[in-house]
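Participant: Sequence first, predicted model second:
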Amino acid sequence: MIYGIINLMIFKTTLQDLNISAQCKKYNLSLWQCPHFFFVLMGIVMAGVISAVYGIGLHFLNDPQVIALVVLFLTAALFIITFVITKSFEKTAEANRLKSEFVSIVTHQLRSPLTSLSWAIEALISGEFGEVDKKQLEYLKILKENNSRMGELIKDLITVTKVEDGSQFKNKEKVSLEKITKDLIFRFQPFSQASGIDLKIKADEKLPEVLTVINQIKIVIESLIDNAIRYAKPKEGKKGLIEITIVKKEKNIQFKIGDNGVGIPKEDQKYIFQKFFRSQNVKEMQPYGSGLGLFITKSIITRLGGKIGFKSEEGKGTTFWFILPIK
């Protein structure tokens, strides 16, 4: 009876391992990145190689025993290599999954105490619990700024976790990219005006809607506008300029946002979409930042089936663009 139960458990485990789709979903990987799919693919390749070797052996060797030994040796070698590589991939995928879970748990746990700390700082600054002198107020403002910075970092980490998880991309709907952009421009208008920057938009007439996830595409456009405003600095008494264009290109909608700001150094351009990366000239202007904005932006666009890129020249400005399929 006990042996029967053990055998049943082993059989169920084996069946679960053979369920490639479930295993890929567990590690949040595409089919071509999944260790279990790689193992099956290598098995097919092994079968082809072994058949080819057997055929060549029959043609050039007369001794069937030698052919059999060569095939057996080759099969064992290929199987061991495939098994080792697959296990290495699986360990990497498992480590990545645990890392994402850890980041998700930690960031969510940090959110509540930071919110409480923010309320406490605001209450102290307001003088609700007694008068605050100039020096104390100065330190409280530093605390508030750092608390706010930590909150932004946690928000970005949570967004990264959600994007990598992929669960936010299931419910797509048809939306107007032009309308979303205009709504966000209206929200950013006070910020751009205070920074001495003109923010303009041009769009084709009767643009078709795109099939996308509205809250995710908002994150993308919001991030690109925010970056452009931060780095499109006025020069020699002239206002900074940001131009957004939205056009139809074949079966896609293209969004472009260009500024006349600091630009991206040539040596930094290949790293611009990497996690936590910030170019040196940006660090000089904005010392603090998570370096996650553009990584999140590219991850979202990729998840939505689009493409993203940019052109930039240091000291002259940067133009980011992305395309999304209409259907």
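Facilitator: Received the coordinates, thanks.
Participant: Could you check how far the closest residue to residue 306 other than its chain neighbours is from residue 295?
Facilitator: Using Cβ to Cβ, 6 or more residues apart in numbering and skipping the chain neighbours, the partner closest in space to residue 306 is residue 324 (4.2 Å). Every residue, glycine included, has its C-beta placed from N, CA and C. As judged by Cβ to Cβ, to the nearest Å, residue 324 and residue 295 stand 18 Å apart.
Participant: now the closest residue to residue 207 other than its chain neighbours, what's its secondary structure?
Facilitator: Nearest non-adjacent residue to residue 207, counting by Cβ to Cβ, 6+ apart: residue 178, 5.5 Å away. Secondary structure state of residue 178, per DSSP: H, G, I helix; E, B strand; the rest coil, is helix.
Participant: pLDDT of stretch 158-170, averaged?
Facilitator: Averaged across stretch 158-170, the pLDDT comes to 77.
Participant: related to what we said a few turns ago, tell me how far the strand or helix carrying the residue nearest to residue 306 lies from the chain's centre.
Facilitator: Element membership of residue 324, judged by DSSP states H and E, is strand 317-325. Centre-to-centre, strand 317-325 and its host chain are 16 Å apart (Cα atoms, centre = their mean, to the nearest Å).
Participant: Pull out the buried positions in it.
Facilitator: Neighbour counts using 16 or more other Cβ atoms under 10 Å place 317-324 of strand 317-325 among the buried residues.
Participant: if we can go back for a sec, might one say that the residue nearest to residue 306 is in contact with residue 301?
Facilitator: Yes. Using Cβ atoms under 8 Å, residue 324 is in contact with residue 301, at 7.4 Å.
Participant: In terms of model confidence, name the weakest of the buried residues of strand 317-325.
Facilitator: residue 317 (89).
Participant: From residue 303, how far out is the nearest residue to that residue once chain neighbours are set aside?
Facilitator: In space, and not counting its chain neighbours, residue 317 is closest to residue 260: 4.3 Å by Cβ to Cβ, 6+ apart. Look at residue 260 and residue 303: by Cβ to Cβ, they are 31 Å apart.
Participant: Tell me which of these two has more neighbours.
Facilitator: Between residue 260 and residue 303, counted using other Cβ atoms under 10 Å, residue 260 has the larger neighbour count: 23 against 15.
Participant: All the helices of the stretch 1-150 of the chain, in order from the start?
Facilitator: 2-18, 20-27, 35-60, 64-126, 134-165 (DSSP state H, counting those that start in this stretch).
Participant: Would you single out the least confident of those?
Facilitator: Looking at the helices of the stretch 1-150 of the chain, the weakest mean confidence is helix 2-18, a mean of 43.
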